[in-house]
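Here is a sequence with its predicted model. Questions after.
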Amino acid sequence: MEAIISNISGLTAIAAAIMIGLGAFGTALGFGLLGGKFLEASARQPELVSMLQTKLFIIAGLLDAISMIGVGIALLFVFNNPILSTALELLKSAH
Amino acid sequence: MASATEYIIHHLTFNNVTLNGKSGSFWSLHIDTFTMSLILGFLFLFVFGFVARRAKVENPGKFQLFVELIVDMVDGQVKDIFHGKSKLIAPLSLTIFCWVFLFNLMDLLPVDLISFVNEAAGHPEAHWRMVPSADVNATFAMSLSVMILIVCYSIGAKGFGGWLKELFSAPFGPKLGPINFIFQLIELIAKPISLALRLFGNMYAGELIFILIALLPWGAQWILGGPWAIFHILIITLQAFVFMVLTIVYLSLAVEDH
């Protein structure tokens, strides 16, 4: 029984790490590209900086979204693992 | 106090009250989210209404200038993005921005503040989550309302028949009806889901990191918690702003003609 529980917990930890890690990777790439283009554009046309900055923040908020959803789901699995609850129920009812 | 995991779980549990039937049924409410949203909503209404009623043209006070700043910002965004005619959009955006900002602002309060109040009142085991936008229910409530508004604005601008026709004929042309319908449905459903989960994920992660920082020894708390709180001030404002802008964008897409 401990083997099953530790198996589930270990795999959950790896799953949470992958979710958060890949989300962070994508977001970092996205922010890098976004910031680079913003700097280029503001160097080319400094009078547009304030308008571009507003749009920068809007797109930054959109970029953050999916990785935050990933973090939310990963933390849900770490602290309130539904797979673990199902497994525990099944093990209890089997005894 | 109990172990670290119990501390975290205690701070992540909602105050769940069942009005009717058994626990976990439809009528179980997160009364902490509900109460905090009502209190913050009425706070926003009373403060802005008070300033609006006592607005002066000569010699405006600083608070009036602050409220005007916010209203101007929202007005500028609406004028930029929404090209139709509607009296609802600007007040709706102002409400969304200020209400979501107030929700998120609750995250900056100390994690154990409400625990102190609970212990002083004699209920040390009571749960009370301070941040309504860290509850999926609250964020989905707002984004589902926005989705209903999107549908209503679409029907208002195109007529019910026109809206149905567009569901089956955009973006690929009228011959590929079912494929168009699937795409339009996915687009319509993805909007509220992404709105809600974006706000929820940001606030939940922020609150969880605050709770984890609260478990550290005293010195480390200030070194880690200070920068995180400062960064979180940006996140709070940004998420409220993005929710508002996306609402305006979705509503403007709903009324535009192709």
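Right, received. Where do you want to start? If you're wondering where the values come from, they're calculated on a predicted model, not measured in any experiment.

and chain B, which of its residues are near chain A?
B:8-9, B:12, B:194, B:197-198, B:200-202, B:204-205, B:208, B:238-239, B:241-242, B:245-246 (Cβ under 8 Å from any Cβ of the partner chain). Bear in mind the C-beta positions are built from the backbone N, C-alpha and C, glycine included.

Which members of these occur in helices, if any?
Per DSSP state H, helices hold the following members of the residues of chain B next to chain A: B:8-9, B:12, B:194, B:197-198, B:200-202, B:204-205, B:208, B:238-239, B:241-242, B:245-246.

For the helix or strand that contains A:G26, which helices and strands make contact with it?
A:G26 belongs to helix A:2-44 when assigned by DSSP states H and E. In terms of contacts (3 or more Cβ pairs under 8 Å, 6 or more residues apart in numbering or on different chains; DSSP states H and E), helix A:2-44 is packed against helix A:49-79, helix A:82-94.

for residue 12, what are its contacts?
No chain was given, so I picked chain A. A:77-78, A:81, A:83-84 (Cβ atoms under 8 Å, 6 or more residues apart in numbering or on different chains).

wait, chain B
Per Cβ under 8 Å, 6+ apart, neighbours of B:L12: A:79-80, B:129, B:208, B:211.

And for B:I89?
B:78, B:82, B:248, B:251.

pLDDT score for the nearest residue to the last one once chain neighbours are set aside?
Read that as B:L251. Distances taken as Cβ to Cβ, 6 or more residues apart in numbering or on different chains place B:Y153 nearest to B:L251, at 5.5 Å, with adjacent residues excluded. pLDDT recorded at B:Y153 is 92.

got the angle for the one helix or strand B:Y153 maps to vs helix A:49-79?
If you go by DSSP H and E, B:Y153 is part of helix B:136-169. For helix B:136-169 against helix A:49-79, the angle by axes from the mean of the first three to the mean of the last three Cα atoms, to 10 degrees is 120 degrees.

Give the buried residues for helix B:136-169.
In terms of neighbour count (16 or more other Cβ atoms under 10 Å in any protein chain shown), helix B:136-169 has its buried residues at B:136, B:138-140, B:142-143, B:146-147, B:149-150, B:153-154, B:157-158, B:163, B:166-167, B:169.

list the helices and strands that helix packs on?
helix B:31-53, helix B:89-105, helix B:177-214, helix B:218-255.

Would you reformat those helices as CSV and include distance to A:L29 and mean pLDDT?
Conversion of the helices and strands packed on helix B:136-169 to CSV gives the following (distance: least, Cβ to Cβ, whole Å; pLDDT from 0 to 100):
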stretch, distance to A:L29, mean pLDDT
helix B:31-53, 35, 92
helix B:89-105, 26, 94
helix B:177-214, 18, 89
helix B:218-255, 19, 91
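
got TSV for the ones you listed, with distance to B:G61 too?
Listed next are the helices and strands packed on helix B:136-169 as TSV, based on distance: least, Cβ to Cβ, whole Å:
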stretch	distance to B:G61
helix B:31-53	9
helix B:89-105	19
helix B:177-214	32
helix B:218-255	23
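
Could you say which of these is packed most deeply?
helix B:89-105 (a mean of 21; mean count of other Cβ atoms under 10 Å in any protein chain shown).

Tell me the secondary structure at B:K87.
Following DSSP: H, G, I helix; E, B strand; the rest coil, B:K87 is assigned to coil.

What's the local residue count around it?
Other residues within reach of B:K87, judged by other Cβ atoms under 10 Å in any protein chain shown, total 7.

Distance check, it against B:V78.
Going from B:K87 to B:V78 by Cβ to Cβ, to the nearest Å gives 11 Å.

ditto for B:I89
6 Å.

list residues touching both of those two?
Common neighbours of B:I89 and B:V78 (Cβ under 8 Å, 6+ apart) are B:I248.

for the helix or strand of chain A with the lowest mean pLDDT, which positions count as buried?
The helix or strand of chain A with the lowest confidence, counting by mean pLDDT, DSSP states H and E, is helix A:49-79 at a mean of 87. The neighbour-count check on helix A:49-79 (16+ other Cβ under 10 Å) flags A:52, A:56-75, A:77-78 as buried.

Point out the other helices and strands that that helix packs with.
helix A:2-44, helix B:4-12, helix B:177-214, helix B:218-255.

For the ones you listed, please prepare a markdown table with the additional fields distance to B:H30.
Below are these laid out as a markdown table (distance: least, Cβ to Cβ, whole Å):
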| stretch | distance to B:H30 |
| --- | --- |
| helix A:2-44 | 25 |
| helix B:4-12 | 12 |
| helix B:177-214 | 13 |
| helix B:218-255 | 20 |
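
so which of the ones you listed comes closest to B:V111?
helix B:177-214 (4.7 Å; Cβ to Cβ).

and that closest one, what other elements does it pack with?
By 3+ Cβ pairs under 8 Å, 6+ apart, helix B:177-214 packs against helix A:49-79, helix B:4-12, helix B:89-105, helix B:136-169, helix B:218-255.
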